[in-house]
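S.K.: My questions concern the predicted model and sequence given below.
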Amino acid sequence: MNSTAPNYILRSKERCAEIGMDPDVIPYPKTVLSEEEFLERREEYQEILDVVRFFSDKLLHSLEGTPVLVSVADSQGYLLEIEGDATIKSMIDEFGIAPGSRFTQDETGTNVISLSLQQPEAISLIGTDHYHTFLHEVACYGASFHYIDDDDLLGSLSIMMPIPFKNHLFLTMITQVVDSIERELLLRKRNRQLDIMNQIMLDRTQNGIVITDAKGKTLEFNSFAEELSGFTKDEVIGEDIRMSQITGQYFERVLDQEEIITNEVLPFANQNNEFLVCLFDAQPMYENGKMIGAFGEFRDISEQYSLQKKYNYLAYHDDLTELPNRRYFMEEMETTIRGIDDGVDDNAALVFIDLDRFKIINDNFGHSKGDKLLVDVSRRLEECVGPQDFVARMGGDEFIVLLKNFTENHYVTTIAERFLEKLNAPFLIENNEFHTTASIGIVYYPDTPITAETFMVYADNAMYEAKEQGKNTYVIYNEGLLDETIKEYKLEADLRNAIEHEEFVLYYQPQINNRTGKLSGMEALIRWQHPELGLLPPGAFIRLAEQNGLITQIGEWVVQEACRQQREWKDEGRELVRISVNLSTQQFLNRNLTGFIEQTLKKYDGSPEWLGVEITEYMAMEYEQSVKVLEELKELGIGISIDDFGTGYSSLNHLKNFEIDYIKIDKSFIQEVTGDHNDAVIVEAIITLAHNLDMDIIAEGVETSEQLDFLVQHECDVSQGYFFSKPLPPSEIIDKW
C-alpha cells in the first residue's frame, strides 16, 4: 500500500481489503440502471449535463492530442456521460464501465468517481493509488460540483488518461472547470428563481390594458396603464394609438398587418420622466371573423430587468473585489488576440500577479481578514494602471492585467514595478498590520499567433520563475522558461518516488562550543541521492516539495531518520549530542507536530535531549500559532533555535516572549564580520541581545580563524562552518567526535 497517499485513499484501500476485494479481479459495477431508468435520470440532469458538457468540451479541446477520457456522474455515483479518446473508451468498456453504471467504494473499489464525490477539493488517483491492479497504469483526476449557494452536491467530473500523461496541472485545470460549472449552474438557478418570483408578482398585480377600434382609436385605457405611461385616461381616450411614441409602431403592425406581438421588451421614459421597462403583448380582436380592433397589455418588468442586469454583471465580475473575473478576462483576451491577428490592435502583454505569503495570512488570521486584504490589493493594482488597461482577479490570490496598444515595452515593466512598489507598503486591516509581496510574470504577445490558453501558460511560467528567484520581483517570459518548466515537472515526478525508493540521506555538520572547543551539537542537512543526477542539495528540490505538498512528509522523514541515527549511535556506545533539524513552515504550523515528534522519540526509545528544531524568523512572525507550538515543544523538552537571524522581520517584542534556546546568526553577517564594520556591530548587538534574553548564540558559516577569534572575543557560544567541517555522512562525522 502506498503510505504516501492522502488519508482518504489509504482508508479506501483498507476498506477494500476489509471487505475481501481481490486487487487482481476486475470489480464490475453491480448496480446498473435499466435503459428506461437511465433515460429518466439523464432527463432530470439535462440542464446540468448541458452546462457540464459545454465546459468539458472546452477541456477536451484544450487537451487535444492527449489521450484523455472525461466522465460525468450524478450525486449518487451513476455514470451519465463518457467522452474523449476512443481507445481508452473501448478499454474501459471491457471493464464494465459504461453509462448507467453506479460507482461506489464497496462495489467498485477505490475509484475517482466515488472519492471525488466525498472530498471537498479536487483529487488525483495515480497508478498504485488505485486498489485494483488493472488501474495501475491509469491516472485519474476528479472533482465534485455543487450548487454553491447551499452546498447541494450535484455530481462529479473526472478525467482519465494513461499514466505517462499524468501531470499535477490537471488538478488545477479540473478545479477551474468545476468552478466555471458551479458559477454557471448558480446563475441559471438564480435566473429561474427570479423568473418564478416575477411571475408571482405579475399574477398578483394589475397590468396596463389598452383597447382600440379597427381604425386605431383608443377605446380603453386602465388605471395601471395610466400609472405606467404617465398619461391620464382623458388624454388618451379617442386618440389614434399609432401616434403613441411608446407603442404606436407595434399597434400599427397589429392593426394593418394583423400581427401578434408577444413579449416585446419596451424600455422607455414615461410622461413623468420615469424610466421603465415593460413587456408588451398585442393582438388583433375579431368578431365573426372580422377584425374589430386591437388589444394591448403592459407588464412592468423594470425590477426584473434591473436584477437581470445585476446577475449578468455578477456572471462576469468577482463578487469579492468587483474586478472582472476569469470568464470576463478570457473573453477580453480572446477578443484582443483576434484584434492583433486581424491587424486591428498593435500588441498585447499579460502581467500575471501571485501574492506571496497569502496562504499563511489566510490560514492563521482568518478568511475574513484574507478577503479584506484581497480587496485592498485589488484597489492598489487599479491605482497603478492606465484607463485602457484591464485588471481582473483570476481566483484565490491571483490577479492578471491585460495591456494592449502600448507604444513601448517599457510601459509594461513600469506597470509591474508600480505593482511591486505599491504592494510593499503594509496593509492595515482591523488594527492588524500585514505584509505581502508579489511574484509577477510578464509575457508579450509574440509575432506568431498563439491561443489564449498558451498566452496564459507563458505568463504563468514567468510568474513561477519569479517565485523561484526569491519572490517580490518580476520575470519576462522567454522560450527557455518553458524548457526549464518541463525539466522541473520531470524532477517533481522523481521527487514523489524519492521517499519510497529511499533516495534521501542526512548529512551532519558539527557545532563546536567556543569555550571548550568540543562538539556540542550537529545540524542534520538533507541530501537527495538522485539515481541520474547524483547527490542534490536541498536548494534543488525543497521548493518543489513545498509547492506539491510533500514538504511535511519529507520533514517528518528527517525527524525520524535523525532519531534513528541517534539510536544507532547510542547502541554503539557513543556519547550523544543534540541533532538539530530544520522545520518547514507547513510542518511547523501543523497542529500535530508535537505529537509526531513525541511518537518518533518513543519509537526509537529516545530522549528529547536528542533533538533540536530550527525555525526561521519568517515562521516566528505568525505569532499566535508560533507561541502555541513553541510552548508545546518546550514542554516536551525539545531545544529550539531561530535560524538565519537578522535576515527576516522578527519583532523584538514577540521574540522576548518566545522560549528560544539558540539564536543562529546568518552566515551573510559572519562572512564580512572582520572586514565590514557594520556587520561586526550587528553581530555584536545580536550576541548581546541573545544573552540578555538568556539565549545562546550559534554563528553559522564560520570559515576562517579570524572569524572564529572575533566570535570568541565577543563571547559567541557556538560556531558552525567549513572552518571545522563541511556537512558529512554518518560514516564520516563520527571521526569528528
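M.R.: Noted; the coordinates are in hand. Values in this document were obtained by computation on a predicted structure and should not be read as measured data.
S.K.: Could you pull out the buried residues of the host helix or strand of residue 234?
M.R.: In this assignment (DSSP states H and E), residue 234 forms part of helix 233-236. Under the neighbour-count criterion of 16 or more other C-beta atoms under 10 Å, helix 233-236 has residue 236 buried. C-beta here means a position set from N, CA and C on the backbone, and glycine is covered the same way.
S.K.: Contact partners for the spatially most central residue of the chain?
M.R.: When the chain is reduced to its mean C-alpha position, the nearest residue by C-alpha atoms, centre = their mean turns out to be residue 396, at 5.5 Å. Going by C-beta atoms under 8 Å, 6 or more residues apart in numbering, residue 396 touches residue 358.
S.K.: Can you spell out which helices and strands pack onto the helix holding residue 234?
M.R.: Here helix 233-236 touches strand 218-221, helix 223-229, going by 3 or more C-beta pairs under 8 Å, 6 or more residues apart in numbering; DSSP states H and E.
S.K.: following that helix, which helix or strand comes up?
M.R.: helix 248-257.
S.K.: And the next helix or strand past that following helix?
M.R.: Per DSSP H and E, the helix or strand that comes after helix 248-257 is strand 261-269.
S.K.: Quick check: the residue nearest to the centre of the chain vs residue 525, distance?
M.R.: For residue 396, the distance to residue 525 equals 33 Å [C-beta to C-beta, to the nearest Å].
S.K.: same question, residue 104
M.R.: Counting by C-beta to C-beta, the gap from residue 104 to residue 525 is 47 Å.
S.K.: Between these two, tell me which one has more neighbours.
M.R.: Ranked by neighbour count (other C-beta atoms under 10 Å), residue 104 and residue 525 place residue 525 first, with 19 against 16.
S.K.: Please name the strands paired to the host helix or strand of the more buried one in the sheet, noting orientation.
M.R.: According to DSSP H and E, residue 525 maps onto strand 519-530. Using DSSP bridges, strand 519-530 pairs in its sheet with strand 504-513 (antiparallel), strand 534-536 (antiparallel), strand 578-582 (parallel).
S.K.: With respect to burial, which of those scores highest?
M.R.: Stretch with highest mean neighbour count among the strands paired with strand 519-530: strand 578-582 (a mean of 23; mean count of other C-beta atoms under 10 Å).
S.K.: Next secondary structure after it?
M.R.: helix 585-588.
S.K.: Residues touching that next one, excluding its own?
M.R.: Against helix 585-588 from outside (C-beta under 8 Å, 6+ apart): 360, 546, 549, 551-552, 555-556, 593, 613, 615-616, 618-619, 626, 629.
S.K.: who does the helix or strand encompassing residue 601 touch, helix- and strand-wise?
M.R.: Element membership of residue 601, judged by DSSP H and E, is helix 593-603. Under the contact criterion of 3+ C-beta pairs under 8 Å, 6+ apart, helix 593-603 touches helix 551-571, strand 611-616, helix 623-636.
S.K.: can you pull the buried residues of that helix?
M.R.: 593, 594, 596, 597, 598, 600, 601.
S.K.: same question, stretch 260-268
M.R.: 261, 268.
S.K.: likewise stretch 717-737?
M.R.: 717, 718, 719, 720, 721, 724, 725, 727, 728, 733.
S.K.: any weak-confidence spans in this protein?
M.R.: Residues of the chain that meet the criterion pLDDT under 70 lie in 1-3, 193-206, 307-314, 479-489, 591, 617-618, 620-625, 646-657, 736-737.
S.K.: quick revisit: ok, which of the strands paired with strand 519-530 comes nearest residue 350?
M.R.: Proximity to residue 350 (C-beta to C-beta) singles out strand 534-536 among the strands paired with strand 519-530, at 33.0 Å.
S.K.: quick one, what contacts the residue lying closest to residue 637 once chain neighbours are set aside?
M.R.: The spatially closest residue to residue 637, leaving aside those adjacent along the chain, is residue 608, at 3.1 Å (C-beta to C-beta, 6 or more residues apart in numbering). Contacts for residue 608 (C-beta under 8 Å, 6+ apart) come out as 601, 636, 637, 638.
S.K.: Residue 385 too?
M.R.: 391, 401, 403, 415.
S.K.: returning to that earlier point: torsion angles phi and psi at the residue nearest to the centre of the chain?
M.R.: Main-chain torsions, residue 396, degrees, to the nearest 10: phi 60, psi -130.
S.K.: roughly how far apart are it and residue 661?
M.R.: When residue 396 is compared with residue 661 (using C-beta to C-beta), they lie 38 Å apart.
S.K.: For residue 102, give the beta-bridge partners.
M.R.: Per DSSP bridges, the residues bridged to residue 102 are residue 78.
S.K.: Test my guess that it contacts residue 76.
M.R.: Yes: with contact defined as C-beta atoms under 8 Å, residue 102 and residue 76 form a contacting pair (6.8 Å).
S.K.: higher neighbour count, these two?
M.R.: Using other C-beta under 10 Å, the more surrounded residue of residue 102 and residue 76 is residue 102, with 19 against 14.
S.K.: List the residues that contact that one.
M.R.: 29, 30, 31, 32, 33, 76, 77, 78, 79.
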